Structure formats: structure tokens, C-alpha cells
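Undergrad: attaching a predicted model along with its sequence, questions to come.
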Amino acid sequence: MSIPATLYWSGEADGHLRLIDQTLLPNALVEMECHDVPTVFEAIRSLRVRGAPAIGIAAAYGLCLAAQQATDASSLRTAVAAAAEHLATSRPTAVNLFWALERMRAWLDEQPADLTVDDLRSALLTEAQTIHDEDRRMCRAIGRRGAPLLAHVQGVLTHCNAGGLATSEYGTALAVIYTAHESGQSLHVYVDETRPLLQGARLTAWELQQHGIHATLICDSMAAHVMQAGRVQAVVVGADRIAANGDVANKIGTYGVALAAAAHGIPFYVAAPSSTFDLALASGQDIPIEQRAAEEITEPFGTRIAPTKINVYNPAFDVTPAEYIAAIICEQGVIQPVTAASIRALLTH
Ligand code: MRU
């Protein structure tokens, strides 16, 4: 079965954004419509659209919606700037959000002063669609670059969802697995359920099934045991932000997986497009970590499982130090070893 687009713009500049409401998967495959900035903001914050690249693309289209209300070029520029500032507060960790908003802002600034409001709306939509198209190409390139790393692997473990649902299509970590699979390799994927919001159980397990890839779902706490039992020979995950020294922020639990992989001599790979690097941050210590509501842990999916008033700590991401990462698979190439110099060399050549 072919999976519908994670998100897309419907129509011309006066159109709207449509996206799969990922909070309903895998029980229901429902598309929602976004006709204004508050709806896009809420969709990002509530993880209806999630995953670093997809968040960036959604935000870029959000600015196209902001432009629709304007009556002249000057009010359009003001409305888009205000919307960009607002959307930037939807989630703090994935740098693709800020990267896409900044790129849209810079593009608008570059447009000649005499363009009409209609010209500016079209220009914004063109740039958002360019960001979207580039992401499609980056995911395919990541798949091609990364697949050879899995050449002698039978079992691979992944955490969270870094698949088509987290990007334009095809994914980053899962792109590597899809490309290996499409070239005829037989892979078995161990999928961490990914507490507390279960992106692995709900999204990755579903996506892999749609692609006909053998997958086994495990609780997060089983990953080290699966490695010890010799069931996996590699780990591939995505990233939300990569600092200049190669430290990687990704879904909470990723760091523990990296430590377990190191203890078992299993290579731990990160797959991410260049838009996920934040070279302005020297190390992962500087990456802002999103803190989310206590109810995600005490009342998952509406069922209370912990006593009321219990203290809760709910960081949504953690940082894996570069020393635990065997390679970062980027659309431009494979960064190996992961050092500040090798990252700079690839990204700024
Ligand atoms: O909170 P989420 O679901 O947005 O977190 C997503 C992740 O951590 C992904 O691994 C990351 O964004 C990479 S997506 C290609």
C-alpha cells in the first residue's frame, strides 16, 4: 500500500495545508486541513505533525497561510514576520523549524519592494514548496548514502520515528532501511516503542508494515537485552539538532540506546539532512531540550496510570555525545569519524 503524503499544500497561493494527523495513527488515517497559523501552531505543538524536517516544512507553509490575510505588500511582510515569531515558539528542540522560518523570512526580504501582495504570496509558496522538494531529495540521498553501512547487517534497531511521517516522505533513518530493503537486502527491524508518546509503536511499526519490512516491536527497556542476545548488528536513528561537535539531540531514550550499543560494540548511526545541523552551537549542552506536560506520563492516551500529584520530569529529547556515534549519514555524504572538523569539512565545502 502506498502511504499518503505526510503533508502537502493544496491549491495555489490561496490554498491550504493538509497533513496526516499523526496523533490518530495507527488506528485511523485521517488528514486534517490547516487554513490559518493557529491551526498549524497547534498541529506542531500537539505532534499532529512531528519529526524535525516535517515540522520545518509545516511551518514554512504556515507562513503562506499568514500571507493570505494581508491586503497589501507592507501588511503581508508584517503578518509573515509576526507569524514566524509565533511559530518559532511552538517547539524548541528541532532546529529545522527555525531553519525553515529563517529561510522563508530571508526569501521574503530578498523580494523587490515593488512586488504586489499577490506576487509576494506566490513567491512565499514557491519557497515553501522548494523547501519541501529539497527535503524529498535529501531523504533519498540519505538512503543511498547510508544503505551500504547496513550491507552485512541482518537486524537493525531504531528509536522513535525518523521515517516518511517525520519528513516530506521516505524519512532519514528509515530511508537507509528502505533503500537497503529496495536493493534486495533482507533486514529485520527492532522498533523501540518510544515512551511516552509511542512514536515507535504507533508510527514506525505502522510505516514499516506499509513498506512490507519485517519488524518487531519492543519496549524501550528491552533494547539492551536485544543487543546482548545478538539480534541487532546496527542502530540507526534520526536527529532533531546536531551541534558543531557532532553531539546529537534526538527523542528521549536515544542516549540510552547509544550507551547500550557502545557496550555491545554495535555501530550507532545517525541519519539527518544538513538542515538539522546547528553549527552555531559548540556542543550538545547548548541545545534547548523541550519539557512536555506531566500528563503525557501520568495519563498516557487518556488513561491515568500514576497517582495524582506525583512529581513528573518529562524531557522530550536527550543528547547523545559524538563519541558514541559511529557516523552521521547526511545527504552530502557520510561523516565518519564524527568530529567538529569532519562536520565542517562536509557541510561547508
Ligand atoms: O517529538 P517528535 O516525535 O517530533 O520527535 C521526533 C524525533 O525525535 C525524530 O527522531 C527526529 O525528529 C528525526 S525525524 C527524521
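TA: Right, received. Where do you want to start? Since this is a predicted model, take the numbers as computed values, not measurements. Numbering: from 1, shown residues only.
Undergrad: what's the closest non-adjacent residue to whatever residue of the stretch 101-250 of the chain ends up closest to the ligand?
TA: Of the residues in the stretch 101-250 of the chain, the one nearest the ligand is residue 238, at a distance of 2.7 Å by Cβ to the nearest ligand atom. Backbone N, C-alpha and C define where each C-beta goes, glycine included. Excluding the flanking residues, the one nearest residue 238 by Cβ to Cβ, 6 or more residues apart in numbering is residue 162, at 2.7 Å.
Undergrad: quick check, the one you found in a strand?
TA: No. Secondary structure of residue 162 (DSSP: H, G, I helix; E, B strand; the rest coil): coil, not part of a strand.
Undergrad: quick check: residue 128 touching residue 104?
TA: Yes. Residue 128 is in contact with residue 104 according to Cβ atoms under 8 Å; the separation is 6.8 Å.
Undergrad: joint contacts of the two?
TA: Taking Cβ atoms under 8 Å, 6 or more residues apart in numbering as the criterion, residue 128 and residue 104 both touch 60, 63.
Undergrad: neighbour-wise, which of those two wins?
TA: Higher neighbour count among residue 128 and residue 104: residue 104, with 28 against 24, using other Cβ atoms under 10 Å.
Undergrad: so what pLDDT did that one get?
TA: Looking at residue 104, its pLDDT reads 98.
Undergrad: show me what contacts it?
TA: Residues near residue 104 by Cβ under 8 Å, 6+ apart: 60, 63, 80, 84, 124, 127, 128, 131.
Undergrad: now, of the residues you listed, which are buried?
TA: Using 16 or more other Cβ atoms under 10 Å as the burial test, those include 60, 63, 80, 84, 124, 127, 128, 131 as buried.
Undergrad: so which of those residues are in helices?
TA: 60, 63, 80, 84, 124, 127, 128, 131 (DSSP state H).
Undergrad: return the residues of the stretch 51-200 of the chain in contact with the ligand.
TA: Residues of the stretch 51-200 of the chain lying close to the ligand (Cβ under 6 Å from any ligand atom) are 51, 52, 53, 94, 160, 162, 166, 167, 171, 172, 199.
Undergrad: among those, who's most crowded?
TA: Most neighbours among those, by other Cβ under 10 Å: residue 162, with 34 neighbours.
Undergrad: ok, that residue - contacts?
TA: With Cβ under 8 Å, 6+ apart as the criterion, the residues that contact residue 162 are 51, 171, 172, 173, 174, 236, 237, 238, 239, 271.
Undergrad: you'd agree residue 236 is in a strand?
TA: Yes. Residue 236: assigned to a strand according to three-state DSSP.
Undergrad: distance of it from residue 262?
TA: 15 Å (Cβ to Cβ, to the nearest Å).
Undergrad: close enough to count as contact, residue 143 and residue 178?
TA: Yes. Assessed by Cβ under 8 Å, residue 143 is found in contact with residue 178 at 5.9 Å.
Undergrad: joint contacts of the two?
TA: What both residue 143 and residue 178 touch, as defined by Cβ under 8 Å, 6+ apart, is the set residue 170.
Undergrad: quick one on the thing from earlier: and the contacts of residue 104 as a markdown table, adding distance to residue 190 and pLDDT?
TA: As requested, the contacts of residue 104 are exported to a markdown table (distance: Cβ to Cβ, whole Å; pLDDT from 0 to 100):
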| residue | distance to residue 190 | pLDDT |
| --- | --- | --- |
| 60 | 34 | 98 |
| 63 | 39 | 98 |
| 80 | 44 | 98 |
| 84 | 39 | 98 |
| 124 | 42 | 98 |
| 127 | 39 | 98 |
| 128 | 36 | 98 |
| 131 | 32 | 98 |
